[in-house]
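Undergrad: My questions concern the predicted model and sequence given below.
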Amino acid sequence: MVGSWEGAGTVPAGDAEQSCEGKFIFGGRYLQCTSVSIADGDYHEDVGFFSFDQARERFVYRAFHSEGFINTYLAEIIEEEGGTSITLTAESIENAPPGMKCEETIHVAGSELKFTLSVAMGEGPHEQLVSGELQRVSRVKGVDKITIAVDDMEASVKFYSNLLAAEFEDVELAGFTLKNADTGSFEILLCPRELAQVHEDINNNTVQVRFVIEDVESAHERGLADGGTEISAPAESGGRVQSGLRDPDGNSIELTSG
């Protein structure tokens, strides 16, 4: 459920646009999920937290709804060949009518997420109130590094120092001296053209950009499907997931999770 999801479904008010964002907080201790649905004349938002109850050895989900309900669920998580299924059964519901029961189901498979919410009163049967089918989306959070292949390092340092009000420092790599500066918004690395192996007589880029993106694996797969070629597969490095691609024109880009 980590990442951003968007799609459509149904709510009591009718058809709805839906979105969900999942992210780990407090050093990965909790998984926070924020959901929004917008239908004709109806807006709903809820924020929930998955945690592990060590005493019961069970995952618990607590959801805070914009209508005032606060639901505490016991979670049953099943890893299957076709994805992950989660069943949430409410053990308490604050600010709800007496005898109200609630159950949610979530199924995540690749880039698809499906969910339902049903309620029951007393001993009556559960009736489905909400459903949705969402697709994972990747949001670019920004650019955190630009690498530029240069011929005249001294001239380039002078140009970018004045242009960006940046102070460059030496970086030694493979017998070459590179220049790196942190502008406060992103890093800029000046790399000798010989080290970058970029030559004027070949179709290649002299600038490399590193994008900060929420879901590196999914974006990497889409890039390959849309005509890109792989430089390096997604892999964890220094607490980040990173990968490398070339676009259809041969320009190299990096993806990083942040």
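TA: Good, I have the coordinates. Just so it is clear, the structure is predicted and the values come from calculations on it, not from any experiment.
Undergrad: And the strands in the stretch 101-250 of the chain?
TA: All strands of the stretch 101-250 of the chain, identified by DSSP state E, counting those that start in this stretch, fall at 112-121, 127-137, 140-150, 169-173, 176-182, 187-192, 207-213, 229-237, 240-246.
Undergrad: just these: most buried one?
TA: strand 187-192 (a mean of 20; mean count of other CB atoms under 10 Å). Where you see a C-beta, it was placed from the backbone N, CA and C, and this is true even at glycine.
Undergrad: how distant is that strand from the center of its chain?
TA: 27 Å (CA atoms, centre = their mean, to the nearest Å).
Undergrad: Report the angle between it and strand 176-182.
TA: Here strand 187-192 runs at an angle of 160 degrees relative to strand 176-182 (axes from the mean of the first three to the mean of the last three CA atoms, to 10 degrees).
Undergrad: before we move on, back to that, could I get the strands of the stretch 101-250 of the chain in JSON lines, plus columns for distance to Ser66 and mean pLDDT?
TA: Output for those, formatted as JSON lines (distance: least, CB to CB, whole Å; pLDDT from 0 to 100):
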{"stretch": "strand 112-121", "distance to Ser66": "14", "mean pLDDT": "94"}
{"stretch": "strand 127-137", "distance to Ser66": "13", "mean pLDDT": "92"}
{"stretch": "strand 140-150", "distance to Ser66": "26", "mean pLDDT": "81"}
{"stretch": "strand 169-173", "distance to Ser66": "49", "mean pLDDT": "93"}
{"stretch": "strand 176-182", "distance to Ser66": "40", "mean pLDDT": "93"}
{"stretch": "strand 187-192", "distance to Ser66": "40", "mean pLDDT": "89"}
{"stretch": "strand 207-213", "distance to Ser66": "29", "mean pLDDT": "80"}
{"stretch": "strand 229-237", "distance to Ser66": "36", "mean pLDDT": "90"}
{"stretch": "strand 240-246", "distance to Ser66": "33", "mean pLDDT": "88"}
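Undergrad: To Pro12, which of those lies closest?
TA: Of all the strands of the stretch 101-250 of the chain, strand 127-137 sits nearest to Pro12, with 5.8 Å by CB to CB.
Undergrad: Against which helices or strands is the closest one packed?
TA: strand 3-11, strand 14-25, strand 112-121 (3 or more CB pairs under 8 Å, 6 or more residues apart in numbering; DSSP states H and E).
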